[in-house]
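Q: Below are the sequence and a predicted model; questions follow.
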Amino acid sequence: MTDAKLPGLEERFAQVKGVRMRYFVGGSGPPLLLVHGLGGAAANWTELAPLLVRRHRLLVPDLPGHGGSSPLPAVSGLAPFADRVALVAEREGMLPASVVGHSLGGMVVLRVALRRPADVRAVVLAAGAGLSLGGIWGRQLLSLFSTARPGRVAARYRALVARSHLLRRLVFGFVSVADPAALTDEAVEGFLAGQLLHTDVDGAWRALRADDPREELEQIVCPVLVLWGSEDVQLPLDDAFEYTRRLRARLRVIPGCGHLLIGERPDACDRALADFLP
């Protein structure tokens, strides 16, 4: 593999319902699943996972079609993504578990909670997608990113991006990060490296667009934390408020933070999770 790894976690592979899933596992304590967003990879958690592994047994998968995981044989909504994540956790003996999903991963972990309620102790939506996509402009932009995949180009030159404030702003500053200059080099690497391996981001994008969870959210019975960046321009704070209301959840807003809050403010995310998770 040519992408970033998660320090302190072991890389593993499993064949799950026609998909070769890559995932990382390590640590001890209550089990915790971390699920990345659209166009992301397990390495997106490179800043937050080392903090969480001190208290938890972590499982961090690459979603199908992302990073080192092969694509789904067919795309029919987000349930197949959720099923593969749950089956990997079951294989590792990590259910029931708490689950954290970033962006698209938020929708995936909600699907896990809906389909396997006995296996989910708590849900954290970190800038969770599913209610809006930032209006027409945001949908068009994400469609362009999923097809043209400019992140693949940035990934080839990620060491240069990490060293240049201008390139950081060009890559991260429009819809993702409030202060690109404040990202660590490791965060830049973690957000970009997996782009070189993706095989079916567009399938996940189609599944996300087709999945509307509103009518089912009241069926979520476990505790939920909604975690959001105050300056997220990709998914607005209105989505955080709606998720909080519909899920009867707690809300934690991190100031000075954009959509990639798990890499922008891992310390604040870690404190929020420590306060919330059982």
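A: Arrived safely, thanks for sending.
Q: shouldn't R115 be in contact with P80?
A: No - here R115 does not reach P80: they are 10.6 Å apart, not a contact under C-beta atoms under 8 Å. Every residue, glycine included, has its C-beta placed from N, CA and C.
Q: And the two? Which one has more around it.
A: Set R115 next to P80 and count neighbours by other C-beta atoms under 10 Å: P80 wins out with 21 against 13.
Q: mind listing what the more buried one touches?
A: By C-beta atoms under 8 Å, 6 or more residues apart in numbering, the residues touching P80 are K17, P64, L72, A74, A207.
Q: Is A89 part of a helix or strand, or is it coil?
A: Classification of A89 using DSSP: H, G, I helix; E, B strand; the rest coil returns helix.
Q: same deal with R111?
A: Per three-state DSSP, R111 ends up helix.
Q: how near is the closest residue to it other than its chain neighbours to V112?
A: Spatial nearest neighbour of R111, excluding adjacent residues (C-beta to C-beta, 6 or more residues apart in numbering): A82 at 3.5 Å. The gap separating A82 from V112 is 5 Å, by C-beta to C-beta, to the nearest Å.
Q: Same check on Y23?
A: As judged by C-beta to C-beta, Y23 and V112 stand 14 Å apart.
Q: With neighbour numbers in mind, choose between the two.
A: Using other C-beta under 10 Å, the more surrounded residue of Y23 and V112 is Y23, with 30 against 27.
Q: Just the C-alpha atoms of whichever strand or helix holds the more buried one, please, in PDB.
A: Y23 belongs to strand 19-26 when assigned by DSSP states H and E. What follows is strand 19-26, C-alpha atoms only, in PDB (Å, rounded to 0.1, in the frame of the first residue of the first chain):
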ATOM      1  CA  VAL A  19     -15.900  -7.200  -0.800                       C
ATOM      2  CA  ARG A  20     -12.300  -7.400   0.300                       C
ATOM      3  CA  MET A  21     -12.300  -5.000   3.300                       C
ATOM      4  CA  ARG A  22      -9.200  -3.400   4.600                       C
ATOM      5  CA  TYR A  23      -9.300  -2.200   8.200                       C
ATOM      6  CA  PHE A  24      -7.100  -1.300  11.200                       C
ATOM      7  CA  VAL A  25      -7.500  -2.600  14.700                       C
ATOM      8  CA  GLY A  26      -5.800  -2.000  18.000                       C
END
